[in-house]
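[1] coordinates for the following, if possible.
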Amino acid sequence: MDRLSDYDYNLPDELIAQTPLLQREESRLLWLQKSGEVHHRQFRDVLDLLHPGDLLVMNDTRVSAVRLNGFKGTGAAIEALLLSEVSPHLFEALVKPGKRMKPGAVADFGNGLVATVRADLDDGLKLLEFEPLENLNEKLQEVGQIPLPPYIHAVLSDSERYQTVYGRANGSAAAPTAGLHFTPEILEALTSKGVEIGNVTLHVGLDTFRPVQSENLNEHRMHGETCILPPETEEKIHRATGRIIAVGTTTVRTLESFAIGRRRVQSGSMESRLFIRPGFEFRVIDGMFTNFHLPKTTMLMMISALAGKDNIFSAYNQAVENQYRFLSFGDSMLIL
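    Model (predicted):
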């Protein structure tokens, strides 16, 4: 039986990066070959590690969720995480404390932002309706904060550092953080070298941060995520002469969800519940960029499927010993 406890390891709290580096490309890069050999490099070395004819595929989603802090009429503090606008002025939101915010309850977030709970939804979500404002979305961006993962406790001074430089499709509650290391200059240099770049879209939901509950992994069910593979990316995959390298676990899940054969995909849109763990047969990718993941997560299981669990845990031991920075604002890993 494949067990959750098999994917545990000791992650010292001090290695969880709380703030991004001043320059994106200054992060370190642990390059893991499928033989298990580990090389310690800098992220800017991707210009040497990627070759003409390689195809780099990225998730172009942007974080559009907004965190608001306000008060009920009683003076009690309220926090709302707006996830998606379902119609003008109407949002799906995670509200804390949710039990006190029954339908009809009103919250004032300041700056003219007043919302009423209209309904309770599944998974603890609420339907919030804001009083009409001509510039509602501008006000939300002014007053609200970008939502950071629960393990980050520092204040982010520049919200764009939790966005990739190539993100363009609003819809995520969390960033596809493997792409945070890329800069416009690195992408331009790769293109000039002959590396092809393609995009997919997968909007990252809050379930990304929910822990796996089942010790028996056969009982775990992935949350559904909507993903899109456009026709132009399908064409780039089919004509690729080099390696196909995904940026991040969300890109891997998207590409492998649309696979119809070895290095063959069918463009379209779907809700994917693909659970990639050891034993999975990759049909599209030859490698991937990823950050360092928490213990007992499906992301850690995915990279174990690609590189081998023993290789991954050996590389992670080296990363801990060498004081790599872990998680969203941490260093990068390249599996090739």
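[2] my guess is S64 contacts R168. True?
    No - using C-beta atoms under 8 Å, S64 makes no contact with R168, being 11.2 Å away. All C-beta spots, glycine's among them, are computed from the backbone N, C-alpha and C.
[3] and these two? Which one has more around it.
    More neighbours surround S64 than the other of S64 and R168, with 21 against 10 (other C-beta atoms under 10 Å).
[4] pLDDT score assigned to the more buried one?
    According to the prediction, S64 has pLDDT 91.
[5] for the closest residue to it other than its chain neighbours, I want the exact helix or strand it lies within.
    Using C-beta to C-beta, 6 or more residues apart in numbering and skipping residues adjacent in sequence, the residue nearest S64 is N170, 3.7 Å away. Using DSSP states H and E, the element containing N170 is strand 169-172.
[6] tell me the contacts of V106?
    V106 makes contact with K72, G73, V114, A115, T116, V117, according to C-beta atoms under 8 Å, 6 or more residues apart in numbering.
[7] out of the residues you listed, which is nearest to E131?
    For the contacts of V106, the residue nearest E131 by C-beta to C-beta is V114; the value is 4.7 Å.
[8] I'd like the distance between the closest residue to that closest one other than its chain neighbours and Y162.
    Of all residues not flanking V114 in the chain, E131 sits nearest, at 4.7 Å (C-beta to C-beta, 6+ apart). The gap separating E131 from Y162 is 29 Å, by C-beta to C-beta, to the nearest Å.
[9] those two - which one has more neighbours?
    More crowded of E131 and Y162, by other C-beta under 10 Å: Y162, with 21 against 13.
[10] ok, now how distant is L56 from V143?
    Here L56 is placed at a distance of 37 Å from V143 (C-beta to C-beta).
[11] quick one, which of those two is more surrounded?
    Neighbour tally, L56 and V143, criterion other C-beta under 10 Å: the higher count belongs to L56, 25 against 17.
[12] so how far is G167 from that one?
    Taken as C-beta to C-beta, the span from L56 to G167 is 15 Å.
[13] what's the answer for G224, then?
    21 Å.
[14] where does pLDDT dip in the stretch 1-150 of the chain?
    Low-confidence segments of the stretch 1-150 of the chain, defined by pLDDT under 70: 1.
[15] cutoff 80 now
    Low-confidence segments of the stretch 1-150 of the chain (pLDDT under 80): 1, 123-124.
[16] pull the number of nearby residues for E138.
    Around E138 there are 10 residues (other C-beta under 10 Å).
[17] list the contacts for the closest residue to P150 other than its chain neighbours?
    Spatial nearest neighbour of P150, excluding adjacent residues (C-beta to C-beta, 6+ apart): F209 at 6.1 Å. Neighbouring residues of F209 by C-beta under 8 Å, 6+ apart: P149, P150, A174.
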